[in-house]
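> 3D model of this:
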Amino acid sequence: MSKHKISLTPRLVRAARALTGWQQQELADASGVPKPTISAFELKSEDGRMISANARLIIDAFERAGLEFIPENGGGAGIRFRVKRDAKAGS
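The predicted structure is shown next:
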C-alpha cells in the first residue's frame, strides 16, 4: 500500500493500465471496482475524481501488480514499475 496520498486521475489510471497491459475488465477483476465505473472515470477530464474507496481499490490492485505511484510533490504525479531490492546487496 502506498505510503503517500495519491490523487488518482484518469490519466494515471490509463497510464497504469498501459504499463500492466490490462484492459478495463482486467482492472475491474483485480480491483473489485465495476468496469462501468472505471470506464466512466477514464473519460472524465483530468480534474475528475473518483470516490476514495474505489480509488484506493484501484491503487492497491496496481501496486499488487508491481507498480508504484509517485506523489506530485511539486513535480507532477506519476507511476512506474516498483524496483525490487535485493536484500543480500543491502539495497
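> Check what pLDDT the one residue sitting closest to the centre of the chain gets.
Compute the mean C-alpha point of the chain, and by CA atoms, centre = their mean the closest residue is residue 59, 4.1 Å away. Residue 59 is assigned a predicted lDDT (pLDDT) of 96.
> looking at this, it is in a strand?
No. Per DSSP: H, G, I helix; E, B strand; the rest coil, residue 59 lies outside any strand segment and is helix.
> That one and residue 30, how far apart?
Look at residue 59 and residue 30: by CB to CB, to the nearest Å, they are 11 Å apart. Yep, even glycine has a C-beta here, placed from its N, CA and C like the rest.
> need the contact list for residue 38.
Residues counted as contacts of residue 38 (CB atoms under 8 Å, 6 or more residues apart in numbering) are 13, 24, 27-28, 31, 58.
> Please identify the helix or strand for residue 48.
Using DSSP states H and E, residue 48 sits in no helix or strand.
> doesn't residue 9 make contact with it?
Yes. Using CB atoms under 8 Å, residue 48 is in contact with residue 9, at 7.2 Å.
> Comparing those two, which residue is more hemmed in?
Taking neighbours as other CB atoms under 10 Å, residue 48 and residue 9 compare with residue 9 leading, 20 against 14.
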